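Novice: using only what follows, build the 3D model:
(chains A and B)
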Number of protein chains: 2
Amino acid sequence: MATAVATIVADHPPAGISPSAEKLLAAASELMIERNSLNVSLSEIAERSGVNAALVKYHFGNKEGLLLALLARDAGSELRHLPHLLAQPISPSAKLKLHIAGIIRAYRRFPYLNRLIHLLLHASSDEAAAEVSDVFVKPLFEFQRRLLATGVAAGEFRAVDPVQFYTCLIGACDHLFFGRHVVSRVADVGAITEDDCRGYTAFLTDLICAGLVIAPAAGRATA
Amino acid sequence: MATAVATIVADHPPAGISPSAEKLLAAASELMIERNSLNVSLSEIAERSGVNAALVKYHFGNKEGLLLALLARDAGSELRHLPHLLAQPISPSAKLKLHIAGIIRAYRRFPYLNRLIHLLLHASSDEAAAEVSDVFVKPLFEFQRRLLATGVAAGEFRAVDPVQFYTCLIGACDHLFFGRHVVSRVADVGAITEDDCRGYTAFLTDLICAGLVIAPAAGRATA
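Specialist: Residues are numbered from 1 along each chain as shown, chains lettered A, B, ... in the order given. Below is the predicted model of the structure:
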């Protein structure tokens, strides 16, 4: 399974994934979004997908395998984008802005991503946890660490701790979705819209740039 | 149960809570912290507490009742503190700094608080969800809304959306604890220490103040 996940991420869309496996992943994703919870059984996933429940075992081995494949499907495209973003000929601030927007866009599509990673690191086999960590968490953290270092070297960012930065940014982005149900009960807001995402992206970008950026990149593209 | 919860919050320590009920709540809290998960059964809680499992029903009715009582126990003292903080003769910035430190301190003691509120709003009866919302979420949101308005009126803060502010602050604070297991696999950090809490409080306070504060309060206490 570990190798299969790495393959899905490296080579998307994976050559080996069949239409019935795709249907099962789509059904799992839909149910998790509808419930704002990972608490979805294999029989519910099979029923929603219209695929025979026996095919879960055939395609994914077990529920852990299905969740790993779902994570690979959902996080893969954003992760593959990170090295390209780092290599772009734009300022560190501009990259940071695109990165924040990219995280919120990914959570908008797959609001369960963070909790899925958390569950797989906590509740799965050691091998699967190591794979999740290496394939999904490390590239994101390393991207941020390198971006912060580049910004400091360019005189654009003040030096901050990458773990604190990662914690704050991921937590703030995730909570737009995870916390919506809670805040909507006490404030006059409903389900997240495109406007909400744009507004929150702007809010968070302004906040983080105000704290981080010490010198705007003069004469460079700031996207 | 709804009335009981309001009473526990309003009048802590609640007159009616017995030693065996306290033991059950302490055991539930310990298990949730150890596992970084709410996935704890009533029989595990009873076993850990040394209290007969039948007393869960006697004291709390069911698991929902136990979780509500746990939330009341854990969130109560921080919530009761908020009106006093708002009334202090210190600047809005100083109140904001104390508030951020207070949230992180509360999550340090009870790192499952956010997920407990989320679970109770999602998975419990309508009456319990309304009670959780009114008693635990609304006071926190309203405190922040009023603090932000006070800061704007005093010319200290720029105007921001209270929902965006709440979402960012709660998400960033919560993720220090919820996300630690994930980031510790890829960065050279272990379990959260007092130093980590102090460092993150300072980081987050600097970040939020940089984005929010437009004029420091001259000649006032800034705590």
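Novice: which residue, other than its chain neighbours, is closest to A:M32?
Specialist: Leaving aside its sequence neighbours, A:M32 sits nearest to A:Y112 (CB to CB, 6 or more residues apart in numbering or on different chains; 4.4 Å). For the C-beta atoms, the positions are set from N, CA and C on the backbone; glycine is no exception.
Novice: quick one: the helices in chain A?
Specialist: According to DSSP state H, chain A carries its helices in the segments A:2-10, A:19-35, A:42-49, A:54-60, A:63-87, A:92-109, A:113-123, A:126-132, A:138-153, A:162-178, A:180-184, A:194-212.
Novice: and of the ones you listed, who's closest to B:L86?
Specialist: Ranking these by their distance to B:L86 (criterion: CB to CB) puts helix A:180-184 first, at 19.5 Å.
Novice: wait, does that closest one contact chain B?
Specialist: Yes - applying CB under 8 Å from any CB of the partner chain, one finds helix A:180-184 touching chain B at A:180-183.
Novice: quick one, phi/psi of A:I90?
Specialist: phi -130, psi 170 (degrees, to the nearest 10).
Novice: tell me which of the helices of chain A is the most buried.
Specialist: helix A:162-178 (a mean of 25; mean count of other CB atoms under 10 Å in any protein chain shown).
Novice: for A:N39, give me its contacts.
Specialist: Listed by CB atoms under 8 Å, 6 or more residues apart in numbering or on different chains, the contact set of A:N39 is empty.
Novice: relative to A:G102, how far out is it?
Specialist: 28 Å (CB to CB, to the nearest Å).
Novice: check contacts around the closest residue to A:S18 other than its chain neighbours.
Specialist: With CB to CB, 6+ apart as the criterion, A:S18 has its nearest non-adjacent residue at 6.9 Å, and that residue is A:H59. Listed by CB under 8 Å, 6+ apart, the contact partners of A:H59 are A:18, A:20-21, A:24, A:65-66, A:69.
Novice: try 10 Å
Specialist: A:16-18, A:20-22, A:24-25, A:51, A:65-66, A:69 (CB atoms under 10 Å, 6 or more residues apart in numbering or on different chains).
Novice: which of these sit farthest apart?
Specialist: Greatest spacing in the contacts of A:H59, by CB to CB: A:G16 and A:V51 (16.5 Å).
Novice: pick out whichever of these two has more residues nearby.
Specialist: Neighbour totals were compared for A:G16 and A:V51, and A:V51 leads with 20 against 11 (other CB atoms under 10 Å in any protein chain shown).
Novice: quick one, phi psi at that one?
Specialist: The phi/psi pair for A:V51 (degrees, to the nearest 10) is phi -100, psi 140.
Novice: tell me how far A:L96 lies from A:T201.
Specialist: Applying CB to CB, the value for A:L96 to A:T201 is 12 Å.
Novice: about what we covered before: does the residue nearest to A:M32 touch A:F177 like I think?
Specialist: Yes - counting by CB atoms under 10 Å, A:Y112 does reach A:F177; the two are 8.5 Å apart.
Novice: mutual contacts of the two, please.
Specialist: With CB under 10 Å, 6+ apart, A:Y112 and A:F177 have common neighbours A:33, A:36.
Novice: what ranges of chain A fall below the confidence cut-off?
Specialist: Along chain A, the parts satisfying pLDDT under 70 run over A:1-16, A:216-223.
Novice: in contact with A:V186: list those residues for me.
Specialist: B:133-134, B:136-142, B:145, B:163, B:166.
Novice: which of those are close to chain A?
Specialist: Among the contacts of A:V186, the ones lying near chain A by CB under 10 Å from any CB of the partner chain are B:133-134, B:136-142, B:145, B:163, B:166.
Novice: closest to A:P89 among the residues you listed?
Specialist: Distance to A:P89, by CB to CB, is smallest for B:V163 among those, at 36.6 Å.
Novice: what sits closest to that closest one if chain neighbours are left out?
Specialist: A:A187 (4.9 Å).
Novice: you'd agree the one you found is up against A:D196?
Specialist: No - shown here, A:A187 and A:D196 do not form a contact pair, counting by CB under 10 Å, at 11.8 Å.
Novice: can you pull the residues that touch both of those two?
Specialist: Taking CB under 10 Å, 6+ apart as the criterion, A:A187 and A:D196 both touch B:161, B:163, B:167.
Novice: between those, which is nearest A:D74?
Specialist: B:T167 (21.8 Å).
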